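# This is a predicted model, with the sequence first.
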Amino acid sequence: MAQVTIQLNGYNYSVNCRDGEENHLRAMAAEIEKRFDRVRGLGTQGGEARTLVLAALLMADEISDLSKAKLPAGANEAIAQAEHSLREAKIRNERLKILAERAESIAEILEHP
């Protein structure tokens, strides 16, 4: 387990991470620091907690926008329809399996009366 020291809003934090994830952790800290810079640039007043909350809200807003942008309009409806079609196909396959077993039973009876 690796330990990385990151600096956020002028404070140092020691954070554990898996070996090899150090650079990823530093990159995430840099992204958070960018949000701190934006909050400070807005000229808002408040302490460390308020700055952290505003930075977190900025990140949550960006995540929300990215999540919406990932799926084209109507994608959720298309996914729901596809899931419904899969359920119906599964039911049809089960019925077909039962019919095939019946047909095999009838064929067996006809072959060996």
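Received it, and whenever you're ready, just let me know what you need.
# what's residue 48 in contact with, if anything?
9, 11 (C-beta atoms under 8 Å, 6 or more residues apart in numbering). (Glycine included, C-beta is placed from N, CA and C.)
# That one and residue 25, how far apart?
21 Å (C-beta to C-beta, to the nearest Å).
# do residue 89 as well
44 Å.
# can you check residue 88 too?
Taking C-beta to C-beta, one finds residue 88 at 46 Å from residue 25.
# what about the two, which has more around it?
Taking other C-beta atoms under 10 Å, residue 88 and residue 25 do not tie; residue 25 has more neighbours (17 against 10).
# Now that one, what are its backbone angles?
phi -60, psi -40 (degrees, to the nearest 10).
# Same question for residue 74.
According to degrees, to the nearest 10, residue 74 has phi 80, psi 0.
# What's the local residue count around it?
Residue 74 is flanked by 9 other residues according to other C-beta under 10 Å.
# Rank the helices and strands of this protein by mean pLDDT and give me the bottom one.
When the helices and strands of the chain are scored by mean pLDDT, DSSP states H and E, helix 48-70 comes last with a mean of 84.
# Toward the C-terminus, what is the element adjacent to that one?
helix 75-111 (DSSP states H and E).
# Could you tell me how far that following helix lies from the centre of the chain?
Put simply, helix 75-111 sits 32 Å off its chain's centre (C-alpha atoms, centre = their mean, to the nearest Å).
# List the buried residues of that helix.
For helix 75-111, burial by neighbour count (16 or more other C-beta atoms under 10 Å) applies to no residue.
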